[in-house]
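Asks: Return a 3D structure for these sequence lines:
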Amino acid sequence: MSRIGKIPIIVPDGVKVSIDGRTVNVEGPKGKLSWTYRQEVSVTSDSGGGTIVVERVGNDRISRCLHGTTRSIIANMINGCRTGYEKALEIYGVGYGLQVQGGKVSLSVGYAREVVFDIPEGLTITVQTPQARGDLEPARFSVSGSDKQAVGEFSARLRKARPPEPYKGKGIRYANEHVRRKAGKAFAGTGE
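Replies: Okay, the predicted model is just below:
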């Protein structure tokens, strides 16, 4: 039995969960999420709607794999609709920065052109540090939303636009991410 899968999910106050066939719908103060689970597991709710239990249908390998995964996804949906998720990022580098306009975010990260991303629906980007070109303070921003998977995926796409390089540490990194630095090339002498 899955140690995570057998734990019942407690639905907090202010969050409404409904199960329609194989689709779980969660609605809360931070938004609405919907997800369809696979037929190898079953999801049931008690009569009051305060507890959700995930059970597997069979004992084959795929059912055992999906047992804990399904429970975790539903628990993340409930937590996301209640409090939301947030990933903080920082941009290091002279002249590096970002701008959020409408539904797009544009990154100036040392390329000839700005890298532009469409902000997915349900996500918001908040800029904490204003842009000051040439400033040594990194530009700090965060990606937030109710869907944990969407927040993590979009944050990873933004970071991939210019990952931190090991010599000067320039690039986009998660807040509190440790970047392993390398020493530059050592010159023995002038060679004359």
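Asks: host element of residue 153?
Replies: helix 148-160 (DSSP states H and E).
Asks: contacting residues around that helix?
Replies: 76, 79-80, 85-87, 89, 105, 107, 117, 119-120, 122-123, 143-145, 172-174 (C-beta atoms under 8 Å, 6 or more residues apart in numbering). For the C-beta atoms, the positions are set from N, CA and C on the backbone; glycine is no exception.
Asks: among these, which are in strands?
Replies: Secondary structure from DSSP state E places 85-87, 89, 105, 107, 117, 123, 143-145, 172-174 of the contacts of helix 148-160 in strands.
Asks: Which stretches in this structure count as helices?
Replies: Counting by DSSP state H, one finds helices in the chain at the ranges 61-82, 148-160.
Asks: related to what we said a few turns ago, can you tell me which of the ones in strands among the contacts of helix 148-160 are buried?
Replies: 85, 87, 89, 105, 107, 117, 123, 143-145, 172-173 (16 or more other C-beta atoms under 10 Å).
Asks: how about those residues in TSV, adding distance to residue 50 and pLDDT?
Replies: TSV is the format used below for these (distance: C-beta to C-beta, whole Å; pLDDT from 0 to 100):
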residue	distance to residue 50	pLDDT
85	23	96
87	30	96
89	37	95
105	39	95
107	44	93
117	40	96
123	30	95
143	32	96
144	27	96
145	26	95
172	42	94
173	41	94
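Asks: any idea which of those residues is closest to residue 13?
Replies: residue 85 (19.7 Å; C-beta to C-beta).
Asks: Would you agree residue 73 is in contact with residue 35?
Replies: Yes: between residue 73 and residue 35 there is a contact under C-beta atoms under 8 Å: 6.3 Å.
Asks: if I look at residue 99, how far off is residue 112?
Replies: Going from residue 99 to residue 112 by C-beta to C-beta, to the nearest Å gives 17 Å.
Asks: With residue 88 instead?
Replies: Taken as C-beta to C-beta, the span from residue 88 to residue 112 is 28 Å.
Asks: ditto for residue 62
Replies: From residue 62 to residue 112 the distance is 48 Å (C-beta to C-beta).
Asks: Tell me which of those two has more neighbours.
Replies: residue 62 (12 against 4; other C-beta atoms under 10 Å).
Asks: Mind pulling the model confidence for the spatially closest residue to that one that is not a sequence neighbour?
Replies: What sits nearest to residue 62 in space, not counting adjacent residues and going by C-beta to C-beta, 6 or more residues apart in numbering, is residue 40, at 5.4 Å. At residue 40 the predicted local distance difference test score is 93.
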